[in-house]
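S.K.: With the sequence up front, the predicted model follows.
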Amino acid sequence: MIKSMTGYGRQSVEVDQLKWTVEIRSLNHRFLDFSPKIPRSFLFMEDTIKGKVSQHIKRGHVDLFIHVESGDIHNQQLHVDYDLVSQYIEKLQSLKDKHKLTGDITIDMVTKLENVFSVSEKNEQESQLESSILLAIEDALSSLVFMREKEGERLADDLRYRLVSLKNIIEGMESRREHVVAEYRHKILTRIQSYIDDQIQVEDHRVLQEVALLAEKGDITEEITRLQSHIDQFQMTLKKDGPIGRTLDFIVQEFHREINTIGSKSNDQLLSNDVVKMKSEIEKMKEQIQNIE
């Protein structure tokens, strides 16, 4: 099933008077780019959360938020490193004696020493909270994926519609191909006739052979055949499961290549008009594909 890279999922959970919300948002990106915005006390879960996200999402920029809405999910405790304080005081006293410095070692000085104090966050219900958070993330991911699938269906319908339009234009080109070659050949013969002024017979087989070769340069049979093949590949790709955005983007580039070649070969106004129409459709397809996983 085709999936868009744009989606949003949200899930709120309340456990033991603690309420928090998980929100997940995804946007277009060439690869999977995961950006968690979670409380520091949940950082130990970051790899686990990323693993869950990657199970559901293969491409896109993903922002994941965990908002604590009410309650206190942790107890903070202040710690003093008494051994470190003793070392500080001992070294300060040694420095004072060695250099005959004056002044007292005060509490104000001690409180400014690095790493003397630290704050720890102790989660008394860590395992229960972890499982609840992961369940909420699963639910939010399910909502996000559902939105991406619905948007993907809309994109697929639009692409199929534009493929039909391309097919119709190509069929028109194919039906006009022989007429264009014959017309091009006639123009070449007429121009030769105006230059040679009856000095050379236009019916000369060598002249006619050169005319045929020049006319063949304006033939678009190969480009039309390749375009039809690319359309078949595009249709088959739309039916595949998994990420297909990059493949579709490559096929559209091939569309552009063939259309540009036809445009460079064409001396026919109707074909030139068809080239413009096809380029317009392909540009619209390219815009849509940028949003497909």
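M.R.: Arrived safely, thanks for sending. As the structure is a computational prediction, the values presented were derived from the model and not from experiment.
S.K.: which residue sits farthest out from the middle of this structure?
M.R.: K100 (67.6 Å; CA atoms, centre = their mean).
S.K.: Next, give phi and psi for it.
M.R.: K100 has phi and psi values of phi 50, psi 50 when expressed as degrees, to the nearest 10.
S.K.: Please apply the same query to V62.
M.R.: Torsion angles at V62 (phi, psi; degrees, to the nearest 10) stand at phi -120, psi 120.
S.K.: and it, what are its bridge partners?
M.R.: Beta-bridge partners for V62, by DSSP bridges, are S26, F34.
S.K.: List the contacts of it.
M.R.: Taking CB atoms under 8 Å, 6 or more residues apart in numbering, we find V62 in contact with 24-26, 32-35, 53. Quick note: C-beta positions are derived from backbone N, CA and C, even for glycine.
S.K.: go again using 7 Å as the cut-off
M.R.: 24, 26, 33-35, 53 (CB atoms under 7 Å, 6 or more residues apart in numbering).
S.K.: Which residues are in contact with G152?
M.R.: G152 neighbours (CB under 7 Å, 6+ apart): 1-4, 292.
S.K.: Next, format the contacts of V62 as JSON lines and append neighbour count.
M.R.: Shown next, in JSON lines, are those (neighbours: other CB atoms under 10 Å):
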{"residue": "I24", "neighbour count": "25"}
{"residue": "S26", "neighbour count": "30"}
{"residue": "D33", "neighbour count": "13"}
{"residue": "F34", "neighbour count": "18"}
{"residue": "S35", "neighbour count": "10"}
{"residue": "V53", "neighbour count": "20"}
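S.K.: so which of those comes closest to E174?
M.R.: S26 (41.6 Å; CB to CB).
S.K.: The closest one and K150, how far apart?
M.R.: S26 is 14 Å from K150, where distance means CB to CB, to the nearest Å.
S.K.: quick revisit: could I get the contacts of G152 as TSV with secondary structure and pLDDT?
M.R.: Below are the contacts of G152 laid out as TSV (DSSP: H, G, I helix; E, B strand; the rest coil; pLDDT from 0 to 100):
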residue	secondary structure	pLDDT
M1	coil	82
I2	coil	91
K3	coil	94
S4	strand	96
I292	strand	96
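S.K.: Just the buried ones from those?
M.R.: Neighbour counting by 16 or more other CB atoms under 10 Å classes 2-4, 292 among those as buried.
S.K.: hey, where'd the helices end up in this protein?
M.R.: 46-56, 82-98, 107-111, 126-196, 205-217, 221-238, 245-265, 269-289 (DSSP state H).
S.K.: and of those, who's closest to R10?
M.R.: Of all the helices of the chain, helix 126-196 comes closest under CB to CB, at 5.8 Å.
S.K.: Give me the distance from that closest one to the chain's centre.
M.R.: Its chain's C-alpha centre and that of helix 126-196 lie 17 Å apart, by CA atoms, centre = their mean, to the nearest Å.
S.K.: now swap in stretch 96-107 and tell me
M.R.: The answer for stretch 96-107 is 63 Å, by CA atoms, centre = their mean.
S.K.: how long is that stretch from one end to the other?
M.R.: Start-to-end span of stretch 96-107 (CA to CA, to the nearest Å) is 16 Å.
S.K.: average pLDDT for it?
M.R.: Mean pLDDT, stretch 96-107: 83.
S.K.: Over to stretch 7-15?
M.R.: 90.
S.K.: still on that earlier bit, can you tell me which of the helices of the chain the model trusts least?
M.R.: helix 205-217 - the lowest mean pLDDT of the helices of the chain, at a mean of 56.
S.K.: before we move on, the earlier item: reformat the buried ones among the contacts of G152 into JSON lines and put distance to V68 next to each item.
M.R.: Below are these laid out as JSON lines (distance: CB to CB, whole Å):
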{"residue": "I2", "distance to V68": "36"}
{"residue": "K3", "distance to V68": "31"}
{"residue": "S4", "distance to V68": "30"}
{"residue": "I292", "distance to V68": "35"}
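S.K.: Done for today, thanks.
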